[in-house]
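S.K.: For reference, the sequence and a predicted model appear below.
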Amino acid sequence: MRRVILTLGAAVIAAATAWPSLAADKHQGYFGPAPGPLELVSWRGFYVGINGGYSWGQSDWSSSVTAGSSNPGGGLLGATIGFNGQSGGFVFGLEGDIDATWIRDTNSSGTGVCSVTCETQNSWLATIRGRLGYAFDRAMLYATAGGAFGDVQMSTGGLTATVGRAGWTAGVGVEYSIFGPWSAKLEYLYLDLGSVTCGPATCGINTNVDFTSSIVRVGVNYRF
C-alpha cells in the first residue's frame, strides 16, 4: 500500500510540474499565440465631423398687452470641430459646432399680437462647449456645457424682426469608436438663448420673446 501511495504521489508531482508547459504548448499549438495586452482606443487629438438631429422647445411672448407661447421644433444639420486630451480613462476637451436649422412654430390663441399670429423661428445655431468624459475602451460617456449662439426671428401680421443672441447650453452624450479614427455619437443638449425684444415696428409695443430648446442629435467624427 505504501508503495502504491508513493507511486501515485510521484505521478501527481510530475503532472503538476509538467502541466504549465503542456498547457502553453497546447495553447500555442491549437489556438495560436497567446493574446497580448488589450490595446485601448486613444481619444486624443483633433477631430472634425458632421451632425444632425431634431429640436423641440418653447417660446413665450409677453408685454403689457400680449401673452402667448409656441413650441418651435424642427430639424438641424451641421459641422463639428474639436480637440480631446486624455489621461487614463478620463477624456477632456473643447468642441464647437454650427448648424443650419429649420425650427419654427406659430401661435394665434393668445392675447395682443398673439391673438392674430406670433411666430418664432430659428435658422442657425452654434455652440462652443467643454467636454468631460470617461472612456471604457471604445465607448465614452461624457457631459458637456458652454456657450450657445443663434438667431431668433419674430413674425406677426406679416412683419418680421430678427435678433442674434448668445446664451448657454448643457447636455450629455455617448460616443463610440467604430473603426480606426472614425467614431459615432448620440447627444442631448438643452439650450437657452434667453429673452429678446420685438420692437414697436414689428410688435406694436416692446414685447419680450424668449427661446429655449432641447436637441437630440447624432454625429460622425474623424480623429486626426
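M.R.: Received it, and whenever you're ready, just let me know what you need.
S.K.: Report the distance from stretch 46-62 to the chain centre.
M.R.: The gap between where stretch 46-62 is centred and where its chain is centred comes out at 11 Å by C-alpha atoms, centre = their mean, to the nearest Å.
S.K.: buried set for that stretch?
M.R.: Burial within stretch 46-62, assessed by neighbour count using 16 or more other C-beta atoms under 10 Å, is assigned to 47, 49, 51, 53, 55, 57-62. For every residue, glycine as well, the C-beta is placed using N, CA and C.
S.K.: between these, which is closest to Pro181?
M.R.: Comparing the buried residues of stretch 46-62 against Pro181 with C-beta to C-beta places Tyr47 closest, at 7.9 Å.
S.K.: And that closest one, its phi and psi?
M.R.: Reported as degrees, to the nearest 10, the phi and psi values for Tyr47 are phi -150, psi 160.
S.K.: any idea how far it is from Leu125?
M.R.: Using C-beta to C-beta, to the nearest Å, we find Tyr47 at a distance of 20 Å from Leu125.
S.K.: and which of the buried residues of stretch 46-62 is nearest Met140?
M.R.: For the buried residues of stretch 46-62, the nearest to Met140 is Tyr47 (12.2 Å; C-beta to C-beta).
S.K.: next helix or strand past the helix or strand where Ala170 lies?
M.R.: For Ala170, the host element (DSSP states H and E) is strand 159-179. The C-terminal neighbour of strand 159-179 among helices and strands, as given by DSSP H and E, is strand 182-198.
S.K.: Grab the CA positions of whichever helix or strand comes after that next one and hand them over as CSV.
M.R.: Next in sequence after strand 182-198, counting helices and strands by DSSP H and E, comes helix 200-203. Output in CSV follows, covering the C-alpha atoms of helix 200-203 (Å, rounded to 0.1, in the frame of the first residue of the first chain):
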residue,chain,number,x,y,z
PRO,A,200,-42.8,98.6,-31.8
ALA,A,201,-42.1,98.5,-35.6
THR,A,202,-43.0,94.7,-35.6
CYS,A,203,-45.0,94.0,-32.5
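S.K.: May I see the buried residues of helix 200-203?
M.R.: Buried residues in helix 200-203, counted by 16+ other C-beta under 10 Å: 202-203.
S.K.: where's that helix relative to the chain centroid, distance-wise?
M.R.: Centre-to-centre, helix 200-203 and its host chain are 38 Å apart (C-alpha atoms, centre = their mean).
S.K.: Give the other helices and strands that it contacts.
M.R.: With contacts taken as 3 or more C-beta pairs under 8 Å, 6 or more residues apart in numbering; DSSP states H and E, helix 200-203 sits against strand 139-156, strand 159-179.
S.K.: looking at those strands, which is closest to Gln121?
M.R.: For Gln121, the closest of those is strand 139-156, at 4.1 Å, according to C-beta to C-beta.
S.K.: any chance of the helices and strands packed on helix 200-203 in a markdown table, plus mean neighbour count and distance to Gly74?
M.R.: A markdown table is the format used below for those (neighbours: other C-beta atoms under 10 Å; distance: least, C-beta to C-beta, whole Å):
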| stretch | mean neighbour count | distance to Gly74 |
| --- | --- | --- |
| strand 139-156 | 19 | 12 |
| strand 159-179 | 16 | 16 |
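S.K.: CSV for those strands, including mean pLDDT and distance to Tyr188?
M.R.: Shown next, in CSV, are these (pLDDT from 0 to 100; distance: least, C-beta to C-beta, whole Å):
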stretch, mean pLDDT, distance to Tyr188
strand 139-156, 97, 10
strand 159-179, 96, 5
